[in-house]
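Asker: Next come a sequence and a model predicted from it.
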Amino acid sequence: MIHTAHSESLVERRGPQLLLGFVLLHLAVWTVVPWLGHWTVPVDNYEQLSWVQHVDWGYAKHPPFPTWVLAAAELLLPHGVPLTYALGALCTGLMLWAAWRLGDELLGRNRALMAVLLICGITYYTSHVRYFNHNTLLMVAHAGATLCIWRCANGARTVWWLLLGLLWGIGMLSKYQMALSIGCNVCFLALLARDPRHHGEVRSWVKGVLVASAVCGLMLVPHAIWLVNNDFTTFAYASHSMAANQSFLQRLLNILEFIGHHFGRVLPMLIIAVALLWLAHRQRVNLVVDEPMAATDGRQRDAVLLLQIHAFAPFVLMVLLTLMGGVALQIHWGTAYLWLTGLWFMTTDAGRKLARLPIPWLFAGLLLVQISTLIQYARR
């Protein structure tokens, strides 16, 4: 039997540097290759390039924050499609950084490293790296808010509540779907409050949520005034999906398509994990793990709860909206949340076993999947 001598010193010293190098290469490849290969430019990128010529507090379809970001970038860089590609890559990079910080605090450095690598196998964060739109800014806001709510729950420093409110505001000014993320944050605190370990912190949490809500509310005031003066045009656009009035059969088919699409998005990540675990079995690698993480101590149970809520609750809520309200699910609605499945997977027994494998195995597996995915999209 082969025993993996997973050197902690190697992970501690070189793991983050290797990960940073891989992520930078990942972002560069998925922005430069589509540009040099003359891949079809996403419609949303062109839309932002059009809107940025008239910076405002809102637009016909969406809130204004992504356009503001593009306008700020154009103070330093030339207007054009390459700039939107670079901003799309920056958004994905910020999400991966938040995932790394969150994973490092929740799971430990080794599993955090592997989780970020797995996220790089999800196709939303490969072929869509060059997309710059409201979904990509929502993704950044959701990632940042998830990290902030964890720190708020474990420290209650005012600065984190202020930052949480800032991210809530950025998210709402990017896409109203941020309401799902805010709901996840509050739901997480509410469930923690039921645990006797946290009864003494509930009052400070309530004050913190009020502070964050006040910051968010103040940020939204100018946009709200714009909405009133422009007949709530963004609400009218959103209502096309909300008022779809699908039949029950159409709702079921819409849900199946939505779930199937997102399963296909995470499939490369799952293929990597299953293939490496199968290879470890064939090589008789020792993958014995301790007791499941959620059963060991309260902080780890809190970590699992955080990931479960923020990874899956948005999808559950969207499906319920379709099932009960007839809302027409849009495929891109999952962009902001799917990355958390990589972190959640590392809390499972399979993820804990995967973390015992040599890190080069995962790099090699991910590189193979990345090349295969790149070839697949390049042929379209």
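Answerer: Yes, it's here.

Asker: can you list the weak-confidence ranges in the stretch 1-150 of the chain?
Answerer: Scanning the stretch 1-150 of the chain for pLDDT under 70 picks out the ranges 1-13.

Asker: Quick check: chain neighbours aside, which residue is closest to L70?
Answerer: Closest residue to L70 apart from its sequence neighbours, by CB to CB, 6 or more residues apart in numbering: V52 at 4.7 Å. Where you see a C-beta, it was placed from the backbone N, CA and C, and this is true even at glycine.

Asker: Over the helix or strand hosting I170, what's the mean pLDDT, rounded is fine.
Answerer: Assigning secondary structure by DSSP states H and E places I170 in helix 158-172. Confidence for helix 158-172, expressed as mean pLDDT, is 97.

Asker: before we move on, what about stretch 328-337?
Answerer: The predicted model assigns stretch 328-337 a mean pLDDT of 90.

Asker: Contacts for it, please.
Answerer: Residues outside stretch 328-337 that contact it (CB atoms under 8 Å, 6 or more residues apart in numbering): 124, 128, 135-136, 138-139, 141-142, 177, 181, 240-241, 244, 246, 254-255, 257-258, 261-262, 265, 310-311, 314-315, 318-319, 321-322.

Asker: Enumerate the positions of that stretch that are buried.
Answerer: Buried residues in stretch 328-337, counted by 16 or more other CB atoms under 10 Å: 328-329, 332-337.

Asker: distance between the ends of it?
Answerer: By CA to CA, to the nearest Å, the extent of stretch 328-337 from end to end equals 18 Å.

Asker: and if you look at stretch 111-130?
Answerer: With CA to CA applied, stretch 111-130 spans 27 Å between its terminal residues.

Asker: what's the spacing between it and its chain's center?
Answerer: When C-alpha coordinates are averaged (CA atoms, centre = their mean, to the nearest Å), stretch 111-130 and its chain have centres 10 Å apart.

Asker: Equivalent analysis for stretch 175-194, please.
Answerer: Stretch 175-194 has its average C-alpha position 15 Å from the chain's average C-alpha position, going by CA atoms, centre = their mean.

Asker: CA-only coordinates of that stretch in PDB, if you can.
Answerer: This file holds the C-alpha atoms of stretch 175-194, laid out as PDB (Å, rounded to 0.1, in the frame of the first residue of the first chain):
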ATOM      1  CA  LYS A 175     -28.600  42.900  -9.900                       C
ATOM      2  CA  TYR A 176     -31.700  42.700  -7.700                       C
ATOM      3  CA  GLN A 177     -31.000  39.000  -7.400                       C
ATOM      4  CA  MET A 178     -28.600  40.000  -4.600                       C
ATOM      5  CA  ALA A 179     -31.700  39.800  -2.400                       C
ATOM      6  CA  LEU A 180     -31.200  36.000  -2.400                       C
ATOM      7  CA  SER A 181     -27.600  36.400  -1.100                       C
ATOM      8  CA  ILE A 182     -28.800  38.800   1.600                       C
ATOM      9  CA  GLY A 183     -31.400  36.300   2.600                       C
ATOM     10  CA  CYS A 184     -28.800  33.600   2.800                       C
ATOM     11  CA  ASN A 185     -26.600  35.800   5.100                       C
ATOM     12  CA  VAL A 186     -29.500  36.500   7.400                       C
ATOM     13  CA  CYS A 187     -30.700  32.900   7.400                       C
ATOM     14  CA  PHE A 188     -27.200  31.700   8.400                       C
ATOM     15  CA  LEU A 189     -27.200  34.000  11.400                       C
ATOM     16  CA  ALA A 190     -30.800  33.000  12.300                       C
ATOM     17  CA  LEU A 191     -29.900  29.300  12.300                       C
ATOM     18  CA  LEU A 192     -26.700  30.000  14.300                       C
ATOM     19  CA  ALA A 193     -28.700  31.900  16.900                       C
ATOM     20  CA  ARG A 194     -30.600  28.700  17.700                       C
END
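
Asker: any idea of the mean pLDDT in that stretch?
Answerer: For stretch 175-194, mean pLDDT rounds to 96.

Asker: Next, the buried residues of it.
Answerer: Judged by neighbour count (16+ other CB under 10 Å), stretch 175-194 contains these buried residues: 175-178, 180-182, 184-185, 188-189, 192.

Asker: Present the residues you listed as CSV; the columns should include distance to I225 and secondary structure.
Answerer: Formatted as CSV, these follow (distance: CB to CB, whole Å; DSSP: H, G, I helix; E, B strand; the rest coil):
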residue, distance to I225, secondary structure
K175, 19, coil
Y176, 16, coil
Q177, 22, coil
M178, 19, helix
L180, 25, helix
S181, 24, helix
I182, 21, helix
C184, 28, helix
N185, 26, helix
F188, 32, helix
L189, 31, helix
L192, 36, helix
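
Asker: need these in JSON lines with distance to C148, can you?
Answerer: Supplementary listing: the buried residues of stretch 175-194 in JSON lines, determined by distance: CB to CB, whole Å:
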{"residue": "K175", "distance to C148": "18"}
{"residue": "Y176", "distance to C148": "20"}
{"residue": "Q177", "distance to C148": "18"}
{"residue": "M178", "distance to C148": "13"}
{"residue": "L180", "distance to C148": "16"}
{"residue": "S181", "distance to C148": "11"}
{"residue": "I182", "distance to C148": "11"}
{"residue": "C184", "distance to C148": "12"}
{"residue": "N185", "distance to C148": "8"}
{"residue": "F188", "distance to C148": "11"}
{"residue": "L189", "distance to C148": "12"}
{"residue": "L192", "distance to C148": "15"}
